[in-house]
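Colleague: Provided below for reference: sequence and predicted model.
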Amino acid sequence: MDTQQALDRVEEVVGRVRATSPSKYIRWPEEIRKSVNELICSGVSFREISKRTGIANESLRQWAGRSKRRGRGFRQVKVVSENSLTVHLASGAELRHLSWDQVKELLLEKVI
């Protein structure tokens, strides 16, 4: 499933949860949190996910932070090319063909 399809799927599931929730304060299912973290790891911005799903930006950042803390610690990396980087995430996902600036942005947003 590509990133756009995954985002569409999360948007659909969020809509169903919102439709069945009697309160505006929703305890999001783990399925949604996991899917959102996968989207973040694949490079989708917090802003885009929030805009498409209506989930508060702060909630998204908290979920990403929890996921990051679980996999906390240094990992050995191997630089194969200085022009294109691949980042292996604790979740098992890979981000390929990144520039140094893209990695820097992911680090600043605390995605990796």
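Modeller: Ah, there it is.
Colleague: top helix in the chain by residue count?
Modeller: Criterion DSSP state H: the longest helix present in the chain is helix 3-20.
Colleague: which residues are contacting stretch 3-11?
Modeller: Outside of stretch 3-11, the residues within contact range by CB atoms under 8 Å, 6 or more residues apart in numbering are 1, 32, 35-36, 38-39, 42-44, 48-49, 52-53. Placement of C-beta: from N, CA and C, glycine included.
Colleague: What about those residues, which are in helices?
Modeller: Among the contacts of stretch 3-11, the ones falling in helices (DSSP H) are 32, 35, 36, 38, 39, 48, 49, 52, 53.
Colleague: neighbour-wise, which of those residues leads?
Modeller: residue 36 (26 neighbours; other CB atoms under 10 Å).
Colleague: Test my guess that that one contacts residue 55.
Modeller: Yes: using CB atoms under 8 Å, residue 36 is in contact with residue 55, at 7.2 Å.
Colleague: Need the per-residue pLDDT for the most far-flung residue of the chain relative to its centre.
Modeller: Farthest-out residue of the chain from its mean C-alpha position, per CA atoms, centre = their mean: residue 22, at 27.1 Å. At residue 22, the model reports a pLDDT of 82.
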